[in-house]
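A.B. asks: quick one, structure for this:
(one chain, ligands or ions: 1)
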Amino acid sequence: MKTRITELLGIEHPIIQGGMHYVGLAELAAAVSNAGGLGIITGLTQRTPELLAKEIARCREMTDKPFGVNLTFLPSVTPPDYPGYVKAIIEGGVKVVETAGNNPQKWLPALKEAGVKVIHKCTSVRYALKAEAIGCDAVSVDGFECGGHPGEDDVPNFILLPRAAEALKIPFVASGGMADGRSLVAALALGAEGMNMGTRFIATQEAPVHENVKQAIVAASELDTRLVMRPLRNTERVLNNAAVERLIEKERALGANIKFEDILPEVAGVYPRIMQEGAMDAGAWSCGMVAGLINDVPTVKDLIDRIMAQAHEIIAQRLARIDAMRV
Ligand SMILES: Cc1cc2nc3c(=O)[nH]c(=O)nc-3n(C[C@H](O)[C@H](O)[C@H](O)COP(=O)(O)O)c2cc1C
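C.D. replies: Residues are numbered from 1 along each chain as shown. Predicted structure coming up:
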(Lines give C-alpha, C1' and ligand atoms only; values in the text may rest on other atoms or scores of the structure.)
Protein backbone atom coordinates (compact mmCIF):
# COMPACT_ATOMS: atom_id res chain seq x y z
CA MET A 1 0.00 0.00 0.00
CA LYS A 2 1.37 3.38 -0.97
CA THR A 3 0.13 6.45 0.88
CA ARG A 4 1.57 9.88 1.63
CA ILE A 5 2.79 8.45 4.94
CA THR A 6 4.61 5.43 3.47
CA GLU A 7 6.27 7.80 1.00
CA LEU A 8 7.17 10.40 3.64
CA LEU A 9 8.69 7.85 6.01
CA GLY A 10 10.11 5.38 3.50
CA ILE A 11 8.18 2.41 4.92
CA GLU A 12 6.33 -0.47 3.30
CA HIS A 13 3.05 -0.48 5.26
CA PRO A 14 1.16 2.58 6.60
CA ILE A 15 1.42 1.38 10.21
CA ILE A 16 3.25 3.17 13.03
CA GLN A 17 3.93 1.98 16.56
CA GLY A 18 3.36 4.92 18.92
CA GLY A 19 5.86 5.76 21.64
CA MET A 20 5.05 3.94 24.87
CA HIS A 21 6.76 4.46 28.21
CA TYR A 22 8.69 1.31 29.24
CA VAL A 23 7.33 -0.57 26.18
CA GLY A 24 8.96 1.26 23.27
CA LEU A 25 12.42 -0.23 23.65
CA ALA A 26 14.70 -1.27 20.79
CA GLU A 27 13.26 -4.83 20.60
CA LEU A 28 9.73 -3.66 19.76
CA ALA A 29 10.78 -0.76 17.53
CA ALA A 30 13.08 -3.03 15.50
CA ALA A 31 10.40 -5.74 15.18
CA VAL A 32 7.85 -3.23 13.83
CA SER A 33 10.34 -1.71 11.39
CA ASN A 34 11.52 -5.14 10.24
CA ALA A 35 7.88 -6.06 9.54
CA GLY A 36 7.53 -3.03 7.25
CA GLY A 37 5.97 -0.50 9.65
CA LEU A 38 7.64 2.31 11.58
CA GLY A 39 8.88 1.31 15.04
CA ILE A 40 9.41 4.03 17.62
CA ILE A 41 11.75 4.09 20.63
CA THR A 42 10.35 6.03 23.59
CA GLY A 43 12.93 8.72 24.35
CA LEU A 44 12.12 9.49 27.98
CA THR A 45 12.12 5.82 29.05
CA GLN A 46 15.89 6.18 28.68
CA ARG A 47 16.86 8.17 31.76
CA THR A 48 19.64 10.15 30.07
CA PRO A 49 20.54 11.20 26.51
CA GLU A 50 23.55 8.84 26.71
CA LEU A 51 21.23 5.90 27.40
CA LEU A 52 19.01 6.98 24.50
CA ALA A 53 22.07 7.05 22.22
CA LYS A 54 22.82 3.46 23.29
CA GLU A 55 19.22 2.37 22.71
CA ILE A 56 19.30 3.89 19.21
CA ALA A 57 22.56 2.03 18.49
CA ARG A 58 21.04 -1.21 19.85
CA CYS A 59 18.00 -0.77 17.57
CA ARG A 60 20.25 -0.11 14.60
CA GLU A 61 21.92 -3.49 15.26
CA MET A 62 18.52 -5.19 15.04
CA THR A 63 17.20 -3.47 11.90
CA ASP A 64 18.45 -1.69 8.82
CA LYS A 65 14.97 -0.21 8.21
CA PRO A 66 13.88 3.30 9.28
CA PHE A 67 12.72 3.72 12.88
CA GLY A 68 11.81 6.76 14.98
CA VAL A 69 12.10 8.18 18.48
CA ASN A 70 9.23 9.59 20.57
CA LEU A 71 9.85 12.79 22.50
CA THR A 72 7.09 13.60 24.96
CA PHE A 73 7.12 17.18 26.25
CA LEU A 74 5.58 17.15 29.68
CA PRO A 75 4.94 20.10 31.93
CA SER A 76 7.42 19.61 34.75
CA VAL A 77 9.26 21.56 37.43
CA THR A 78 12.62 20.05 36.50
CA PRO A 79 12.34 19.25 32.77
CA PRO A 80 14.36 16.38 31.30
CA ASP A 81 17.49 17.24 29.30
CA TYR A 82 15.58 17.81 26.03
CA PRO A 83 18.52 19.43 24.19
CA GLY A 84 20.57 16.33 25.05
CA TYR A 85 17.85 13.98 23.78
CA VAL A 86 17.50 15.96 20.52
CA LYS A 87 21.28 15.77 20.07
CA ALA A 88 21.27 11.99 20.67
CA ILE A 89 18.53 11.60 18.04
CA ILE A 90 20.34 13.68 15.44
CA GLU A 91 23.77 12.16 16.10
CA GLY A 92 22.20 8.69 16.10
CA GLY A 93 21.05 9.30 12.52
CA VAL A 94 17.35 8.84 13.36
CA LYS A 95 15.20 10.34 10.61
CA VAL A 96 11.74 10.38 12.24
CA VAL A 97 10.63 11.89 15.53
CA GLU A 98 7.17 11.54 17.05
CA THR A 99 6.57 14.50 19.34
CA ALA A 100 3.74 14.61 21.87
CA GLY A 101 2.53 16.81 24.68
CA ASN A 102 3.50 20.48 24.52
CA ASN A 103 4.17 22.43 21.33
CA PRO A 104 7.43 21.11 19.75
CA GLN A 105 8.22 24.38 17.89
CA LYS A 106 11.40 25.08 19.84
CA TRP A 107 12.98 21.85 18.63
CA LEU A 108 11.93 21.98 14.99
CA PRO A 109 14.81 24.03 13.52
CA ALA A 110 17.50 21.61 14.79
CA LEU A 111 15.49 18.55 13.74
CA LYS A 112 14.64 19.94 10.31
CA GLU A 113 18.21 20.97 9.64
CA ALA A 114 19.25 17.38 10.31
CA GLY A 115 16.64 16.10 7.84
CA VAL A 116 14.43 14.59 10.56
CA LYS A 117 10.73 14.25 9.75
CA VAL A 118 8.50 15.33 12.63
CA ILE A 119 5.12 13.73 13.33
CA HIS A 120 3.31 15.55 16.12
CA LYS A 121 0.68 13.61 18.03
CA CYS A 122 -2.38 15.67 18.88
CA THR A 123 -5.87 15.17 20.21
CA SER A 124 -7.75 17.97 18.46
CA VAL A 125 -8.03 19.68 15.09
CA ARG A 126 -6.82 23.00 16.52
CA TYR A 127 -3.58 21.43 17.79
CA ALA A 128 -3.15 19.63 14.47
CA LEU A 129 -3.52 22.92 12.58
CA LYS A 130 -0.97 24.49 14.92
CA ALA A 131 1.45 21.62 14.22
CA GLU A 132 0.94 22.16 10.48
CA ALA A 133 1.51 25.93 10.85
CA ILE A 134 4.81 25.52 12.71
CA GLY A 135 6.15 23.14 10.05
CA CYS A 136 5.55 19.57 11.27
CA ASP A 137 5.64 17.06 8.41
CA ALA A 138 2.64 15.04 9.57
CA VAL A 139 0.37 14.56 12.56
CA SER A 140 -0.92 11.58 14.44
CA VAL A 141 -4.53 12.30 15.40
CA ASP A 142 -5.37 10.64 18.71
CA GLY A 143 -9.10 10.08 19.31
CA PHE A 144 -10.90 9.84 22.65
CA GLU A 145 -10.66 6.02 22.51
CA CYS A 146 -6.88 6.06 22.76
CA GLY A 147 -4.72 4.60 25.47
CA GLY A 148 -2.74 7.27 27.29
CA HIS A 149 -3.63 10.96 27.12
CA PRO A 150 -6.73 11.70 24.99
CA GLY A 151 -6.80 15.41 25.92
CA GLU A 152 -9.85 17.14 27.34
CA ASP A 153 -12.18 17.43 24.30
CA ASP A 154 -13.48 13.85 24.21
CA VAL A 155 -13.96 13.67 20.45
CA PRO A 156 -13.87 10.07 19.15
CA ASN A 157 -12.16 9.16 15.90
CA PHE A 158 -15.34 8.80 13.83
CA ILE A 159 -15.69 12.58 14.11
CA LEU A 160 -12.11 13.67 14.73
CA LEU A 161 -10.56 12.02 11.66
CA PRO A 162 -12.92 13.44 9.01
CA ARG A 163 -12.64 16.84 10.75
CA ALA A 164 -8.86 16.55 10.49
CA ALA A 165 -9.18 15.58 6.82
CA GLU A 166 -11.28 18.68 6.15
CA ALA A 167 -8.84 21.01 7.88
CA LEU A 168 -5.31 19.73 7.24
CA LYS A 169 -2.99 19.87 4.25
CA ILE A 170 -0.20 17.74 5.76
CA PRO A 171 -0.78 13.97 5.94
CA PHE A 172 -2.09 12.44 9.15
CA VAL A 173 -2.42 8.97 10.66
CA ALA A 174 -5.33 7.76 12.77
CA SER A 175 -4.44 6.89 16.33
CA GLY A 176 -6.55 5.41 19.11
CA GLY A 177 -8.67 2.29 18.84
CA MET A 178 -6.74 0.85 15.88
CA ALA A 179 -6.26 -2.92 15.96
CA ASP A 180 -6.63 -4.67 12.63
CA GLY A 181 -7.30 -4.47 8.89
CA ARG A 182 -10.78 -3.12 9.53
CA SER A 183 -9.28 -0.22 11.50
CA LEU A 184 -6.81 0.52 8.72
CA VAL A 185 -9.44 0.59 5.96
CA ALA A 186 -11.76 2.72 8.12
CA ALA A 187 -8.90 5.13 8.86
CA LEU A 188 -8.12 5.44 5.15
CA ALA A 189 -11.81 5.95 4.36
CA LEU A 190 -12.00 8.78 6.90
CA GLY A 191 -9.07 10.56 5.25
CA ALA A 192 -6.04 9.32 7.18
CA GLU A 193 -2.93 8.09 5.36
CA GLY A 194 -2.30 5.23 7.78
CA MET A 195 -2.65 4.28 11.41
CA ASN A 196 -0.75 4.47 14.67
CA MET A 197 -1.21 1.74 17.28
CA GLY A 198 -0.19 1.60 20.92
CA THR A 199 -2.07 -0.97 23.00
CA ARG A 200 -2.25 -3.55 20.16
CA PHE A 201 1.54 -3.63 19.90
CA ILE A 202 1.96 -4.35 23.64
CA ALA A 203 0.23 -7.72 23.19
CA THR A 204 2.88 -9.09 20.83
CA GLN A 205 5.66 -11.64 21.31
CA GLU A 206 8.42 -9.07 20.87
CA ALA A 207 7.05 -6.37 23.20
CA PRO A 208 9.67 -6.33 25.99
CA VAL A 209 7.18 -6.31 28.86
CA HIS A 210 6.13 -8.86 31.48
CA GLU A 211 3.76 -11.59 30.27
CA ASN A 212 1.18 -10.42 32.87
CA VAL A 213 0.78 -7.14 30.97
CA LYS A 214 0.06 -8.93 27.69
CA GLN A 215 -2.43 -11.28 29.38
CA ALA A 216 -4.16 -8.35 31.13
CA ILE A 217 -4.77 -6.76 27.71
CA VAL A 218 -6.03 -10.03 26.22
CA ALA A 219 -8.37 -10.54 29.21
CA ALA A 220 -9.70 -6.94 29.17
CA SER A 221 -12.87 -5.90 27.36
CA GLU A 222 -13.70 -2.49 25.88
CA LEU A 223 -15.44 -1.70 29.19
CA ASP A 224 -12.34 -2.07 31.35
CA THR A 225 -10.54 1.26 30.90
CA ARG A 226 -11.04 4.32 33.08
CA LEU A 227 -10.24 8.01 32.71
CA VAL A 228 -8.13 9.37 35.54
CA MET A 229 -6.59 12.76 36.40
CA ARG A 230 -9.37 14.71 34.68
CA PRO A 231 -9.65 17.14 37.62
CA LEU A 232 -5.95 17.92 37.03
CA ARG A 233 -6.56 18.48 33.30
CA ASN A 234 -4.10 15.70 32.58
CA THR A 235 -6.64 13.05 31.61
CA GLU A 236 -5.25 9.58 31.04
CA ARG A 237 -7.02 6.43 29.86
CA VAL A 238 -5.78 3.49 31.91
CA LEU A 239 -6.70 -0.13 32.53
CA ASN A 240 -8.85 -0.48 35.64
CA ASN A 241 -7.19 -2.13 38.64
CA ALA A 242 -7.06 -1.77 42.44
CA ALA A 243 -4.76 1.29 42.26
CA VAL A 244 -7.03 2.99 39.71
CA GLU A 245 -10.05 2.40 41.93
CA ARG A 246 -8.17 4.01 44.85
CA LEU A 247 -7.23 6.93 42.61
CA ILE A 248 -10.81 7.46 41.43
CA GLU A 249 -12.02 7.33 45.03
CA LYS A 250 -9.54 10.09 45.96
CA GLU A 251 -10.73 12.17 42.99
CA ARG A 252 -14.30 11.74 44.18
CA ALA A 253 -13.48 12.62 47.79
CA LEU A 254 -11.21 15.61 47.13
CA GLY A 255 -13.10 17.06 44.14
CA ALA A 256 -11.67 20.29 42.75
CA ASN A 257 -9.16 20.51 45.62
CA ILE A 258 -7.18 17.50 44.44
CA LYS A 259 -3.48 18.03 43.83
CA PHE A 260 -0.99 15.91 41.95
CA GLU A 261 0.72 15.04 45.26
CA ASP A 262 -2.49 13.37 46.45
CA ILE A 263 -2.26 10.69 43.78
CA LEU A 264 1.51 10.23 43.64
CA PRO A 265 1.40 6.67 45.08
CA GLU A 266 -0.86 5.55 42.21
CA VAL A 267 0.99 7.23 39.33
CA ALA A 268 4.58 8.14 40.14
CA GLY A 269 7.30 5.76 38.99
CA VAL A 270 4.91 2.83 38.60
CA TYR A 271 5.79 1.86 35.01
CA PRO A 272 8.92 -0.24 35.74
CA ARG A 273 7.01 -2.24 38.38
CA ILE A 274 4.16 -2.94 35.98
CA MET A 275 5.96 -3.39 32.68
CA GLN A 276 9.08 -5.18 33.95
CA GLU A 277 7.95 -6.95 37.12
CA GLY A 278 4.36 -7.63 36.08
CA ALA A 279 2.96 -6.16 39.33
CA MET A 280 -0.39 -5.44 37.73
CA ASP A 281 -1.93 -3.53 40.65
CA ALA A 282 1.13 -1.35 41.32
CA GLY A 283 -0.42 1.73 39.74
CA ALA A 284 -2.25 3.30 36.81
CA TRP A 285 -0.95 2.40 33.35
CA SER A 286 -2.17 3.57 29.95
CA CYS A 287 -4.37 1.21 27.94
CA GLY A 288 -6.84 1.84 25.13
CA MET A 289 -10.47 0.75 24.78
CA VAL A 290 -9.13 -1.27 21.86
CA ALA A 291 -8.20 -3.93 24.46
CA GLY A 292 -11.70 -5.26 23.70
CA LEU A 293 -10.50 -6.17 20.19
CA ILE A 294 -7.27 -7.85 21.28
CA ASN A 295 -7.49 -11.59 21.85
CA ASP A 296 -4.04 -12.97 21.15
CA VAL A 297 -0.29 -12.35 21.40
CA PRO A 298 1.09 -12.82 17.86
CA THR A 299 4.56 -11.93 16.60
CA VAL A 300 4.75 -8.38 15.26
CA LYS A 301 5.28 -9.72 11.74
CA ASP A 302 2.23 -11.99 11.93
CA LEU A 303 0.18 -9.07 13.26
CA ILE A 304 1.23 -6.67 10.52
CA ASP A 305 0.91 -9.27 7.75
CA ARG A 306 -2.56 -10.15 9.04
CA ILE A 307 -3.60 -6.47 9.15
CA MET A 308 -2.44 -5.89 5.57
CA ALA A 309 -4.09 -9.09 4.28
CA GLN A 310 -7.38 -8.21 5.98
CA ALA A 311 -7.25 -4.62 4.69
CA HIS A 312 -6.67 -5.81 1.12
CA GLU A 313 -9.47 -8.37 1.47
CA ILE A 314 -11.93 -5.72 2.69
CA ILE A 315 -11.04 -3.27 -0.08
CA ALA A 316 -10.74 -5.70 -3.00
CA GLN A 317 -13.47 -8.16 -2.00
CA ARG A 318 -16.04 -6.87 0.47
CA LEU A 319 -16.19 -3.22 -0.58
CA ALA A 320 -15.73 -4.04 -4.28
CA ARG A 321 -18.59 -6.57 -4.05
CA ILE A 322 -20.89 -4.08 -2.31
CA ASP A 323 -19.99 -1.42 -4.87
CA ALA A 324 -20.62 -3.85 -7.74
CA MET A 325 -24.20 -4.29 -6.50
CA ARG A 326 -25.01 -0.67 -7.28
CA VAL A 327 -28.17 -0.34 -9.30
C1 LIG B 1 1.33 1.77 27.97
C2 LIG B 1 1.29 3.00 27.11
C3 LIG B 1 2.26 3.97 27.28
C4 LIG B 1 2.25 5.12 26.48
N5 LIG B 1 3.26 6.05 26.63
C6 LIG B 1 3.31 7.12 25.79
C7 LIG B 1 4.38 8.06 25.88
O8 LIG B 1 5.28 7.93 26.72
N9 LIG B 1 4.39 9.11 25.01
C10 LIG B 1 3.41 9.27 24.06
O11 LIG B 1 3.47 10.22 23.29
N12 LIG B 1 2.37 8.40 23.97
C13 LIG B 1 2.32 7.33 24.81
N14 LIG B 1 1.28 6.43 24.67
C15 LIG B 1 0.24 6.64 23.62
C16 LIG B 1 0.54 5.82 22.36
O17 LIG B 1 1.71 6.26 21.72
C18 LIG B 1 -0.62 5.90 21.34
O19 LIG B 1 -0.84 7.25 20.97
C20 LIG B 1 -1.91 5.33 21.88
O21 LIG B 1 -1.65 4.13 22.59
C22 LIG B 1 -2.89 5.06 20.76
O23 LIG B 1 -4.05 4.48 21.25
P24 LIG B 1 -4.33 2.88 21.28
O25 LIG B 1 -3.69 2.41 22.55
O26 LIG B 1 -5.81 2.80 21.29
O27 LIG B 1 -3.69 2.27 20.07
C28 LIG B 1 1.24 5.30 25.49
C29 LIG B 1 0.26 4.31 25.34
C30 LIG B 1 0.28 3.17 26.12
C31 LIG B 1 -0.80 2.13 25.91
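
A.B. asks: around the ligand, which positions in the stretch 1-150 of the chain sit nearby?
C.D. replies: Contact residues, the stretch 1-150 of the chain versus the ligand (C-beta under 6 Å from any ligand atom): 18-21, 23, 42, 70, 72, 100, 121, 142, 145-148. Bear in mind the C-beta positions are built from the backbone N, C-alpha and C, glycine included.

A.B. asks: just the ones of the residues you listed in strands?
C.D. replies: With DSSP state E as the criterion, strands contain 42, 70, 72, 100, 121, 142 from among these.

A.B. asks: quick one: neighbours of the residue lying closest to residue 154 once chain neighbours are set aside, just the number.
C.D. replies: Spatial nearest neighbour of residue 154, chain neighbours left out: residue 144 (4.9 Å); criterion: C-beta to C-beta, 6 or more residues apart in numbering. Residue neighbour count, defined by other C-beta atoms under 10 Å, stands at 21 for residue 144.

A.B. asks: how close does residue 144 get to residue 51?
C.D. replies: Distance of residue 144 to residue 51, computed by C-beta to C-beta, to the nearest Å: 34 Å.

A.B. asks: for the ligand, what's its nearest residue on the stretch 51-200 of the chain.
C.D. replies: Sorted by distance to the ligand under C-beta to the nearest ligand atom, the residues of the stretch 51-200 of the chain start with residue 198, at 1.9 Å.

A.B. asks: that residue reaches residue 24, doesn't it?
C.D. replies: No - here residue 198 does not reach residue 24: they are 9.1 Å apart, not a contact under C-beta atoms under 8 Å.

A.B. asks: between the two, which contacts overlap?
C.D. replies: Taking C-beta atoms under 8 Å, 6 or more residues apart in numbering as the contact definition, residue 198 and residue 24 share the neighbouring residues 17-18.

A.B. asks: between those two, which has more neighbouring residues?
C.D. replies: For residue 198 against residue 24, the residue with the higher neighbour count under other C-beta under 10 Å is residue 24, and the figures read 30 against 26.

A.B. asks: and the gap between that one and residue 193?
C.D. replies: As it turns out, when the distance is counted by C-beta to C-beta, residue 24 lies 22 Å from residue 193.

A.B. asks: before we move on, what about residue 131?
C.D. replies: Summarising the geometry, the distance separating residue 131 from residue 193, computed by C-beta to C-beta, is 15 Å.

A.B. asks: in terms of packing, which of these two has more residues around it?
C.D. replies: The residue with more neighbours, out of residue 131 and residue 193, is residue 131; 27 against 22, by other C-beta under 10 Å.

A.B. asks: assumed the more buried one was part of a helix.
C.D. replies: Yes - counting by DSSP: H, G, I helix; E, B strand; the rest coil, residue 131 is located in a helix.

A.B. asks: so what's the residue nearest to it when sequence neighbours are not counted up against?
C.D. replies: In space, residue 131 comes closest to residue 120 once its chain neighbours are excluded; the distance is 4.0 Å by C-beta to C-beta, 6+ apart. Applying C-beta under 8 Å, 6+ apart, we find residue 120 in contact with 98-100, 104, 127-128, 131, 136, 138-140.
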